[in-house]
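Trainee: When you get a sec, could you give me coordinates for this:
(2 chains)
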Amino acid sequence: NAGVTQTPKFQVLKTGQSMTLQCAQDMNHEYMSWYRQDPGMGLRLIHYSVGAGITDQGEVPNGYNVSRSTTEDFPLRLLSAAPSQTSVYFCASTARGSYGYTFGSGTRLTVV
Amino acid sequence: GIQVEQSPPDLILQEGANSTLRCNFSDSVNNLQWFHQNPWGQLINLFYIPSGTKQNGRLSATTVATERYSLLYISSSQTTDSGVYFCAVERRGAQKLVFGQGTRLTINP
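Mentor: Numbers count the residues shown, from 1 in each chain, chains lettered A, B, ... in the order given. Down below sits the predicted model:
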């Protein structure tokens, strides 16, 4: 049981490049979400999903796309990276009626 | 949206001391979690505690839902307790966690 797995752990992008941050969970959780953490701050919600085929925006969605084709996977796409997207990204999942959210180990992204 | 405030923002203690961290929230919640972010950036789930009291070793937490606050107690602090402690809440039906700004705890040997 691996929990929530995020790849890659580190990434450096040039401004304007695109990339996909991967998130997978093996707990059959319905809910998955992406957060970003900027220095000295708490986590802020980017996008979330309540089940396969259903996604919605969080607090800071601009510049990011998501899709949820399977229960297990919830990738986060940066279409045209900007320096303001330099951050640590966390993926999380939970199940309806469960005992809280489980977080992945994070992806540290730098956009130069 | 719901507001989450943590205090104090910073806390520096000597090894062996006890500490109390506070989390205030502005609306009714059906989920409240305490996390420890270690120096490597990992978020460790400490407690799921929307109400009541729980204990796990030297750590314990109490949430008084009617008064909209939660407390995290750390006794006999160790240097490995250093890091940032986050409180996060989820309003009923929202399916999204809202985080506080965190309390940075430094335990000196």
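
Trainee: residue contacts, residue A:108?
Mentor: Counting by Cβ atoms under 8 Å, 6 or more residues apart in numbering or on different chains, residue A:108 makes contact with A:9-11, A:88-89, B:41. Placement of C-beta: from N, CA and C, glycine included.

Trainee: ok, now which ones touch the closest residue to residue A:107 other than its chain neighbours?
Mentor: Spatial nearest neighbour of residue A:107, excluding adjacent residues (Cβ to Cβ, 6 or more residues apart in numbering or on different chains): residue A:89 at 4.6 Å. Residue A:89 makes contacts with A:6, A:21, A:34-37, A:46, A:76, A:106-109, as judged by Cβ under 8 Å, 6+ apart.

Trainee: Selecting buried members of those in ChimeraX, what would you type?
Mentor: The buried residues among the contacts of residue A:89 can be selected in ChimeraX (16 or more other Cβ atoms under 10 Å in any protein chain shown) with this line:
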select /A:6,21,34,35,36,37,46,76,106,107,109
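
Trainee: Which pLDDT does the model give the nearest residue in space to residue B:97 that is not next to it in sequence?
Mentor: Among residues not flanking residue B:97 along the chain, residue B:88 sits closest, at 4.3 Å (Cβ to Cβ, 6+ apart). For residue B:88, the pLDDT comes out at 96.

Trainee: Name all residues that make contact with residue B:88.
Mentor: Residue B:88 touches A:42-43, A:101, B:4, B:32-33, B:35, B:97-100, counting by Cβ under 8 Å, 6+ apart.

Trainee: What residues are bridge-paired with residue A:76?
Mentor: Per DSSP bridges, the residues bridged to residue A:76 are residue A:21, residue A:66.

Trainee: Help me confirm that it comes into contact with residue A:66.
Mentor: Yes - the pair residue A:76 / residue A:66 is scored as a contact, 5.7 Å apart, by Cβ atoms under 8 Å.

Trainee: Thanks a lot, catch you later.
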